[in-house]
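Student: Sequence and predicted structure, then a few things I'm wondering about:
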Amino acid sequence: GDDQVLRHRASDTLSIDYGVTASEPGFERLIRGLKIAQTVDTSDPEAARQRVDRALDLINEAIDMLPDIRGRIGGSQAVLEKESVRMEDFRLALDESVGDLENVDLAEAIGAPLIAEPTSGARFGPMLVPHGRDVIASLADEVRRVVVMGHPTLARAVTGLIRRPDVEVVAIGRAGQDNVRGTGVTSVRSGRIQVIEAEPDRAWIDRWIAAGRALAAERDAERAPDSQLPRAAYARAELAEGRIAISRRDLVTAVWDRTWPHDRLVVAASRLIRELDSYAGPKAVTARANRGLAGIDGTVSTASGVAIAHERSGAGGLTRLLIGDLALLHDAGGLLVPPGEERPRLQIIVGNDRGGSLFELLEVAGSADPDDFSRVQRTPHDVDLEHLAAAYGWRFERVVDRAGLRRALSQSEPGIIEAVLEGETDAQGL
C-alpha cells in the first residue's frame, strides 16, 4: 500500500515494474492471474486447461482496467498482451494433450486392449498392452475387429493385423480418409463418436495386458544385476553393467525413461523409432515424428521448431531429438543457427552405427550382393560428429557405455550427444 515502485516476477520469463499499490483492482487481478499461470501443473491436462482459462480471464480483466493508470505503468499493457498470447499458445498445447487422453479413454469406453505407438500420445493407461507388437504375434488370431485412430506405420505385426481379410477395420478420423484400409470390411467414422456402453470381456482384455506385462518383466530382468547377490558382489555387478557398450535398446529406453510429461521428444524416421516402439514402457510423453515417404527430411529443423515453440509457451522442460547418424547428416544444415536467431533449447541424441542399419530389416538385405547392399543401402560413413558439432557451435559429448549415456542424459542441457552403438548390425524383424 505504499508509494514504492515494485517489481513483480510473474514467471521465469516475465517481470513487471509498477508504481501503483498492489491493492489496485487491475493489478490485483493481474497478479492473481499470473500467479495461477505460474503454478499450472501439466500432469493433469484438463485441470491445467481450466486454470489457464481462469488466468486468461483475470489478465483480460486487468487489461481492461489499465487505461486509467496507463500513464504510470508505461508499456506494461503491451507486455501483458504478449503474455496473454504466450498463455494462449500454452492452452493450445494442453488441448493437444487432452486429445491424447481421449484416445486412451476410447479404449476404456469400448473395452479393448490398446496398442499405441510411442508418438501417438496414448502410450499409457489401464488398457495399454506393453510390448504390444509382440503380444499381437501370439493373440492376434482371436481378433475380429480393429479400431484405428491415426495411421500406424511402425510395426509389421500391427499393419498385418489390419490387413487380414477376416478382420473388420473401423477407422476413427475425418470424412474421406483412406490411409488406413484393411482387405476386409473397412469403415471410417468421423465427427463425434458415441460409444454404447456394454459389458467388456474383462478376462480377454486381461490376457492381453498380462501377456505384455510378463514380457516387460522378463526383459527388465535380463538387464538388471541379480538383486540376490551379496552387497559387494552386487556393487561390482552394477559397475560392470555400466561399462557395457550401448545397444539400440539401451539408447531408446534411456531417452524415453528420462523424458517427462513437461518435456518434448522428437524421433527421427530411422531404425531407432522402431526400437522405441518395441521397448518403450507406459508413459504420458508428448513425442513427435515426421512420417511418410520423406520422413527423414528436415528432422533437425523440425526438432528445432518444436523446441523453440515449446520454450515460447513457457511450459518448461527440455526438447530432445532421438536420431540416427544418417538422418542427422541428411539435415546437417538444420544445425545452423544464424546470427540474431533464437537458439533452440534442444538436446540431440545421435545413435551412431555408422550407416543406415534400418535397411537391414528389408527383404532386399537377404537377396542383394553384400557389397552392393552396403554401398547403396547401408551407405557407411566415417564422419566425425564432434567436428560437425563444433562447426555449427553446438556443445558435444561422446558416450560409449551405459553409464556414460545415463550421465549425459541426466544433465538436461542443450547440445549433441553421440551414443556409439557397437556390434549393432543384426536385423530384428521389426
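Tutor: That came through, no problem. Numbers count the residues shown, from 1 in each chain.

Student: Which parts of the stretch 51-200 of the chain are helices?
Tutor: 70-73, 76-110, 132-139, 156-162 (DSSP state H, counting those that start in this stretch).

Student: rank those helices by mean pLDDT and give me the bottom one.
Tutor: Lowest mean pLDDT within these: helix 70-73, at a mean of 53.

Student: give the contact list for Val267.
Tutor: Val267 sits next to Pro118, Thr119, Ile273, Leu276, Ala287, Arg288, Ala289, Leu321, Leu322, Ile323 when contact means Cβ atoms under 8 Å, 6 or more residues apart in numbering. Where C-beta positions appear, they are placed from N, C-alpha and C, glycine not excepted.

Student: just the buried members of the residues you listed?
Tutor: Pro118, Thr119, Ile273, Leu276, Ala287, Arg288, Ala289, Leu321, Leu322, Ile323 (16 or more other Cβ atoms under 10 Å).

Student: and those residues, which of them are in strands?
Tutor: Ala287, Arg288, Leu321, Leu322, Ile323 (DSSP state E).

Student: so which of those comes closest to Glu222?
Tutor: Nearest to Glu222 among those: Leu322, at 22.1 Å, using Cβ to Cβ.

Student: What residues does that closest one make contact with?
Tutor: Taking Cβ under 8 Å, 6+ apart, one finds Leu251, Val252, Val255, Leu265, Val266, Val267, Ala268, Leu272, Ile273, Leu276, Ile349, Gly351 in contact with Leu322.

Student: Just the buried subset of the residues you listed, please.
Tutor: Going by neighbour count (16+ other Cβ under 10 Å), the contacts of Leu322 have Leu251, Val252, Val255, Leu265, Val266, Val267, Ala268, Leu272, Ile273, Leu276, Ile349, Gly351 buried.

Student: Tell me how far the residue nearest the centre of the chain lies from Val129.
Tutor: Closest to where the C-alpha atoms of the chain average out (Cα atoms, centre = their mean) is Ala287, at 1.9 Å. With the distance defined as Cβ to Cβ, to the nearest Å, Ala287 ends up 18 Å from Val129.

Student: for Arg29, same thing?
Tutor: Going from Arg29 to Val129 by Cβ to Cβ gives 48 Å.

Student: and the buried ones among the contacts of Leu322, which of them are in strands?
Tutor: Leu265, Val266, Val267, Ile349, Gly351.

Student: Just give the number of residues close to Leu128.
Tutor: 22 (other Cβ atoms under 10 Å).

Student: Test for you: state the pLDDT assigned to it.
Tutor: Leu128 is given a pLDDT of 92.

Student: just Asp226 next, same as before
Tutor: The model's pLDDT for Asp226 equals 72.

Student: who are the neighbours in contact with Ser412?
Tutor: Leu318, Gln347.

Student: if I look at it, how far off is Glu418?
Tutor: 17 Å.

Student: same check, this time on Thr299
Tutor: Thr299 is 16 Å from Glu418, by Cβ to Cβ.

Student: higher neighbour count, the two?
Tutor: Ranked by neighbour count (other Cβ under 10 Å), Thr299 and Glu418 place Thr299 first, with 26 against 23.

Student: mind checking how far the more buried one is from Val148?
Tutor: 26 Å.

Student: Buried residues, stretch 52-66. List them.
Tutor: Buried-residue list, stretch 52-66, by 16+ other Cβ under 10 Å: Val52, Ala55, Leu56, Leu58, Ile59, Glu61, Ala62, Ile63, Leu66.

Student: Output it as PDB, nothing but the C-alphas.
Tutor: Taking C-alpha atoms only, stretch 52-66 is exported to PDB below (Å, rounded to 0.1, in the frame of the first residue of the first chain):
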ATOM      1  CA  VAL A  52      -5.100 -21.400 -17.800                       C
ATOM      2  CA  ASP A  53      -8.600 -20.300 -18.800                       C
ATOM      3  CA  ARG A  54      -9.100 -18.700 -15.400                       C
ATOM      4  CA  ALA A  55      -5.700 -16.900 -15.600                       C
ATOM      5  CA  LEU A  56      -6.600 -15.600 -19.100                       C
ATOM      6  CA  ASP A  57      -9.900 -14.200 -17.800                       C
ATOM      7  CA  LEU A  58      -8.200 -12.400 -14.900                       C
ATOM      8  CA  ILE A  59      -5.400 -11.000 -17.200                       C
ATOM      9  CA  ASN A  60      -8.000  -9.800 -19.700                       C
ATOM     10  CA  GLU A  61     -10.000  -8.100 -16.900                       C
ATOM     11  CA  ALA A  62      -6.700  -6.400 -15.800                       C
ATOM     12  CA  ILE A  63      -6.000  -5.200 -19.300                       C
ATOM     13  CA  ASP A  64      -9.500  -3.600 -19.400                       C
ATOM     14  CA  MET A  65      -8.700  -1.700 -16.300                       C
ATOM     15  CA  LEU A  66      -5.300  -0.500 -17.300                       C
END
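
Student: Leu234 touches Ala240, doesn't it?
Tutor: Let me fix one detail, which is that residue 234 is Tyr and not Leu. No: at 10.6 Å, Tyr234 and Ala240 do not qualify as touching, with contact defined as Cβ atoms under 8 Å.

Student: Compare neighbour counts for the two and give me the winner.
Tutor: Tyr234 (14 against 10).

Student: Wasn't that one part of a helix?
Tutor: Yes: assessed by DSSP: H, G, I helix; E, B strand; the rest coil, Tyr234 belongs to a helix.

Student: The residue nearest to it when sequence neighbours are not counted - how many residues pack around it?
Tutor: Leaving aside its sequence neighbours, Tyr234 sits nearest to Pro225 (Cβ to Cβ, 6 or more residues apart in numbering; 5.8 Å). Using other Cβ under 10 Å, Pro225 is surrounded by 15 other residues.
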